[in-house]
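# sequence plus predicted model, see below.
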Amino acid sequence: MTREEKATVIEDLTAQLAENANIYLADISGLDAVATSNLRRACFKANIKLAVVKNTLLAKAMEASDKEFGELPEVLKGNTSMMLSETGNAPAKLIKDFRKKSDRPLLKGAFIAEAIYIGDENLEALVNIKSKEEVIGDIIGLLQSPAKNVISGLKSGGGKLAGILKTLSEKE
């Protein structure tokens, strides 16, 4: 690979790092051709971009990026694959599900909305991160709950203020 080609790859990686808030680094070495194909297919279905990267080039792209990757460049040893996703926990869920059949991929590290996770032991924490849509759903559910109490209080209280207040105070 020539210097110009390396510079182009570094520019492309830097652009990908800038465009994505959720970046996972994984080790997929040791997967046979069938398992690798299955992993790539699962990533495609989950809207996760999977790419094997050269550690030195990714490290230079991280340096050139505006983001602060902290200790993440230190995990760039051995085989490294980069997983990019719009949803913060999607790659973690995919890795966890895939490992039901295999001991790979291993999580090396992750950069999720400016938080840094190092090591495979953080996989469960990453799986439990809620997506923006899940958090919005939880908030809507919490906001609807009091409204439902008021509506049911109005219905069961017979429309009289004393009955409504009594019903609502019983539900608290």
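Arrived safely. Numbers count the residues shown, from 1 in each chain.
# OK, contacts around residue 103?
residue 30 (Cβ atoms under 8 Å, 6 or more residues apart in numbering). C-beta here means a position set from N, CA and C on the backbone, and glycine is covered the same way.
# same question for the one 10 residues further on.
Residues in contact with residue 113, defined by Cβ under 8 Å, 6+ apart, are 21, 22, 88.
# show me the protein divided up by domain.
3-129, 130-171 (the TED database).
# rank those domains by pLDDT, which is bottom?
Of all those, mean pLDDT reaches its minimum on domain 130-171 (a mean of 68).
# related to what we said a few turns ago, can you pick the most crowded of the contacts of residue 113?
In terms of neighbours by other Cβ atoms under 10 Å, these top out with residue 22 at 22 neighbours.
# I figured that residue hits residue 67, correct?
No - the pair residue 22 / residue 67 is not scored as a contact, 11.8 Å apart, by Cβ atoms under 8 Å.
# show me the strands in this protein, by range?
Taking DSSP state E, the strands of the chain run over residues 22-27, 49-53, 80-85, 106-112, 115-118.
# mind listing the helices in the protein by residue range?
3-19, 33-45, 55-64, 90-98, 123-127, 132-156, 161-171 (DSSP state H).
# okay if I get those helices as a markdown table plus mean neighbour count and distance to residue 109?
A markdown table is the format used below for those (neighbours: other Cβ atoms under 10 Å; distance: least, Cβ to Cβ, whole Å):
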| stretch | mean neighbour count | distance to residue 109 |
| --- | --- | --- |
| helix 3-19 | 14 | 13 |
| helix 33-45 | 14 | 18 |
| helix 55-64 | 18 | 11 |
| helix 90-98 | 21 | 12 |
| helix 123-127 | 16 | 10 |
| helix 132-156 | 11 | 22 |
| helix 161-171 | 13 | 47 |
